[in-house]
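Novice: Generate a structure from the sequence data that follows.
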Amino acid sequence: MTIAEELREPPPLPRRRVMSWLIRRELWEHRAVLAAPLATAGVGLIGFLLSSFALPSALRAVAAGDKAHRTLVLGPYSFMALAVLLVGMLVAVAYSLGALQGERRDRSLLFWKSLPVSDNLTVLSKAAVPILVTPVVTFAVVFAAQVLMLAWSTLVVAANGLSPALLWTQVKLDTMWLVLPYGLLINAVWQAPVYAWFLLVSAWARRVPILWALGPFLAPALVEAMAFRTSHVGHFIVVRLLGGLAQAFSVGGKAEQAVDNVRQLDPGHILAEPDIWLGLLFAAGFLAAAAWLRRRREPT
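Specialist: From the prediction side, this is the model:
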C-alpha cells in the first residue's frame, strides 16, 4: 500500500448508519427514555399481581351476565397502556427541553462539533427520539407487560377451576395490539410540532427552557381568561398537546366514544385534518431553526 493510499480519507458513512449511531448515542446518554416506561410497567405489574386474586370472582360475574364486572377484567390492561403512554410522553417532553441545552451546559457540544456530523443530522436524531423512538418503546413495553399479565391471569383462572377461554374472550388483546401502534403513530405525528418547538427552545435558552417554551402560550391564555373570560388560547394549547390522543383513540376524533374495534379506525379522516399538515410544516421550520442555532451557539 502506497503512502498516498494510506493518507486517503475513508469514504463517508451512509447517512442512515450515521443517524442510527446518533440515535443510539442519545439513548445511551438519556437512559430515562427506556428506563422510565420499564419502571412504570414494573410498578403496574406489581399492582396487577396483588389485584389478580379477585379476577376469578369477576369472571364468574361476567359469565353470569354482569357487564359491570367486565371493566375489572379489561381495565388493568387499558390502565397499563395508558400509564406507560403518559410516562413516555412526559419523558419525551423533558428530553426535548434539555437535549440541546444540556450539551451546551456540560460543554460536550465542543466534542460533538469536532466530529464530521452536520448540525442538521444531529438535530434530526434528537427529534427522532420523542417522535419515533418513544412510540416504539411504549408499544414494546406495553406489549411485553400485557403478555405477562395475560399469562399470569391464565394461571390464576385455571387454578380456580375456570376456563381460560372465558378470560381470553373478554380481554381481546389482539384488537388492542392493532389499535395501539396506530394510535401511537397518529399521536406522534400530531405532537411533532410540540417536540420540535421544545428542541428549538432548548437550542436557544440558556436557563430554565421550560419557562421559555410554555411562557409564550400560557401568558396570552391567562390574559385572555382574565380580560375576556374566554379560553381560545387555552383550548388551542390543550388540543395541540393532547388532541392526538383524541384523534387516535376515539371514534371520529371527538373523544366521545373510545375505539374498541379495528373497523372504527379512520386514517382518511385524520389525514384530511389541516392541523396535521400545518403541524408538520411548523415542525420542519422549528427543527431547521434549531439546527441553525446549534451551529452558532457556544457552550454556556
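
Novice: okay, CA-based contacts and neighbour counts for the rest of this
Specialist: OK.

Novice: Check which residues of stretch 202-214 are buried.
Specialist: Across stretch 202-214, burial judged by 16 or more other Cα atoms under 10 Å covers S202, A203, W204, A205, P209, I210, W212, A213.

Novice: if I read this right, the last one contacts V201, doesn't it?
Specialist: Translated: A213. Yes: using Cα atoms under 8 Å, A213 is in contact with V201, at 6.0 Å.

Novice: quick one: L287 from R297, how far?
Specialist: Distance, L287 to R297, by Cα to Cα, to the nearest Å: 15 Å.

Novice: Of the buried residues of stretch 202-214, which belong to helices?
Specialist: Residues of the buried residues of stretch 202-214 located in helices (DSSP state H): S202, A203, W204, P209, I210, W212, A213.

Novice: Closest one to V91 out of those, please.
Specialist: Using Cα to Cα, I210 is the member of these that sits closest to V91, with 13.3 Å.

Novice: Please work out how many residues are found near the residue nearest to the closest one when sequence neighbours are not counted.
Specialist: Nearest non-adjacent residue to I210, counting by Cα to Cα, 6 or more residues apart in numbering: L97, 6.6 Å away. Using other Cα atoms under 10 Å, L97 has 26 neighbouring residues.

Novice: just the one 5 residues further on next, same as before
Specialist: The burial metric for G102, expressed as a neighbour count using other Cα under 10 Å, is 18.

Novice: doesn't V43 make contact with A145?
Specialist: No: contact criterion Cα under 8 Å: A145 and V43 do not qualify, at 10.6 Å.

Novice: Comparing these two, which shows the higher neighbour count?
Specialist: A145 (21 against 12).

Novice: I'd like the distance between the more buried one and L178.
Specialist: The value you get for A145 to L178, if Cα to Cα is used, is 16 Å.

Novice: Poorly predicted segments of the protein, please.
Specialist: 1-14, 65-70, 109-116, 252-261, 298-300 (pLDDT under 70).

Novice: what about the helices in it?
Specialist: 3-7, 15-29, 32-51, 55-63, 70-105, 109-113, 119-128, 134-159, 164-171, 173-204, 209-228, 232-249, 267-271, 274-296.

Novice: who's in contact with the second one?
Specialist: For helix 15-29, the external contacting residues (Cα atoms under 8 Å, 6 or more residues apart in numbering) are V33, L34, L121, T122, S125, K126, A128, V129.

Novice: repeat that for 6 Å
Specialist: Residues outside helix 15-29 that contact it (Cα atoms under 6 Å, 6 or more residues apart in numbering) are S125.

Novice: Now that helix: buried residues?
Specialist: For helix 15-29, by 16+ other Cα under 10 Å, it's V18, M19, L22, I23, E26, L27.

Novice: cool, and the longest one?
Specialist: For helix 70-105, burial by neighbour count (16+ other Cα under 10 Å) applies to 70, 72-73, 76-78, 80-81, 83-85, 87-89, 91-104.

Novice: now swap in stretch 272-279 and tell me
Specialist: So, applying 16+ other Cα under 10 Å, buried residues of stretch 272-279: I276, G279.

Novice: Tell me the gap between that stretch and the middle of its chain.
Specialist: Centre-to-centre, stretch 272-279 and its host chain are 19 Å apart (Cα atoms, centre = their mean, to the nearest Å).

Novice: and that stretch, C-alpha only, in CSV?
Specialist: C-alpha atoms of stretch 272-279 as CSV (Å, rounded to 0.1, in the frame of the first residue of the first chain):
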residue,chain,number,x,y,z
ALA,A,272,-57.7,15.2,6.0
GLU,A,273,-57.2,17.3,9.1
PRO,A,274,-55.4,20.5,8.2
ASP,A,275,-54.0,20.6,11.7
ILE,A,276,-51.9,17.6,10.9
TRP,A,277,-50.2,19.1,7.9
LEU,A,278,-49.8,22.6,9.4
GLY,A,279,-48.2,21.0,12.4
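
Novice: what about A61, distance to G75?
Specialist: 15 Å.

Novice: Check V91 too.
Specialist: Distance from V91 to G75, by Cα to Cα: 24 Å.

Novice: likewise R294?
Specialist: Using Cα to Cα, one gets 45 Å for the distance from R294 to G75.

Novice: got it, and A39?
Specialist: 20 Å.

Novice: This completes my enquiry, with thanks.
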